[in-house]
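Novice: Give the three-dimensional model of this entry:
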Amino acid sequence: MRVPRVYVDQPLSGGELNLDERAAHYIGQVLRMRAGRELVLFNGDGNAYAATITEASKRSVSCEVDGAPLQSQTVSPLKIELGIGLSKGDRFDWVIQKATELGVTAITPLFTERVDVKLSGERLEKKQRHWQQIMISACEQCGRNDLVAINPAQPLAQWRQDLSAPVKLVLCPAVAGSIAADHATDVALLVGPEGGLSDSEIADCLRQGFAALQLGPRVLRTETAPIAAISILQYRWGDMGA
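Specialist: Model prediction:
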């Protein structure tokens, strides 16, 4: 029987632990687990910990946590920060889920010239919490013990200005380009929204040190392109195919 992995926003140092509200609801009401069942808990510190449920009800769950971290290595040696234009519907949710599974370090939602998504104030804050939960659920599923930084949505110019990655790539279906660097440990990857980046946005990126990256002769959707690019980067410099 598969042992469930559950994220908790609590210190994990061993001993008896009363799980936080989210984890208790998931274990007690969604999974309907009872005393004696085993869990794997993680809190984003890069480690995972074995635990056994000691008490479970609809309102609370307690467990005994083994203070010795489990031996697992799920953090990619390649740091990838993904900046991607906001898109409609569940496309952006899908990107967050799959990019998390593929090992990205950070994801920044971007407002670009062709973004047709109106988000601000309380509605944007609600979306940020929603994206955070999608990321956490993806970490639970894929075995990651670290969390992806879901940065606040921001204009492309601001994200570009704050970057420190030595290798910066922008996906350009109409501009021939490939990965020139022989080795990298820190990469920034920029992907446009549904309508793509404008010519002026691409030109600004190229002037500021980005290299154009083309993924072949076919134009990929905004939710497909980052997954293809991340997979290529992880295979070339990260931990895929190792």
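Novice: Count the neighbours of the spatially closest residue to residue 39 that is not a sequence neighbour for me.
Specialist: With Cβ to Cβ, 6 or more residues apart in numbering as the criterion, residue 39 has its nearest non-adjacent residue at 4.5 Å, and that residue is residue 51. Using the backbone N, CA and C atoms, a C-beta is placed for each residue, glycine as well. The tally of other residues near residue 51 (other Cβ atoms under 10 Å) stands at 23.
Novice: again with residue 200
Specialist: Summarising burial for residue 200: neighbours were counted as other Cβ under 10 Å, giving 9.
Novice: Isn't the residue nearest to residue 39 up against residue 42?
Specialist: No: because the distance of 10.3 Å does not satisfy Cβ atoms under 8 Å, residue 51 is recorded as not touching residue 42.
Novice: which element is the residue nearest the centre of the chain on?
Specialist: The C-alpha lying nearest the average C-alpha coordinate of the chain belongs to residue 100 (Cα atoms, centre = their mean; 3.3 Å). Secondary-structure assignment from DSSP states H and E places residue 100 in helix 91-101.
Novice: Packing partners of that helix?
Specialist: Counting by 3 or more Cβ pairs under 8 Å, 6 or more residues apart in numbering; DSSP states H and E, the packing neighbours recorded for helix 91-101 are strand 79-85, strand 106-111, helix 121-142, helix 225-237.
Novice: other SSEs contacting the last one?
Specialist: It refers to helix 225-237. Checked by 3+ Cβ pairs under 8 Å, 6+ apart, helix 225-237 has strand 79-85, helix 91-101, strand 167-171, strand 186-191 packed alongside it.
Novice: Residue 147: which of these is closest?
Specialist: Nearest to residue 147, of all those, is helix 91-101, at 8.8 Å by Cβ to Cβ.
Novice: And for the closest one, what's in contact with it?
Specialist: For helix 91-101, the surrounding residues in contact (Cβ atoms under 8 Å, 6 or more residues apart in numbering) are 82, 84, 86-87, 107, 109, 130-131, 134-135, 137-139, 141-142, 144, 148, 150, 194, 221-223, 226-227, 230.
Novice: Quick check: next helix or strand after the worst-scoring helix or strand of the chain on mean pLDDT?
Specialist: Ranked by mean pLDDT, DSSP states H and E, the weakest helix or strand in the chain is helix 21-25, scoring a mean of 90. Following helix 21-25 in sequence order, the next helix or strand is strand 38-42 (DSSP H and E).
Novice: Alright, I will stop here.
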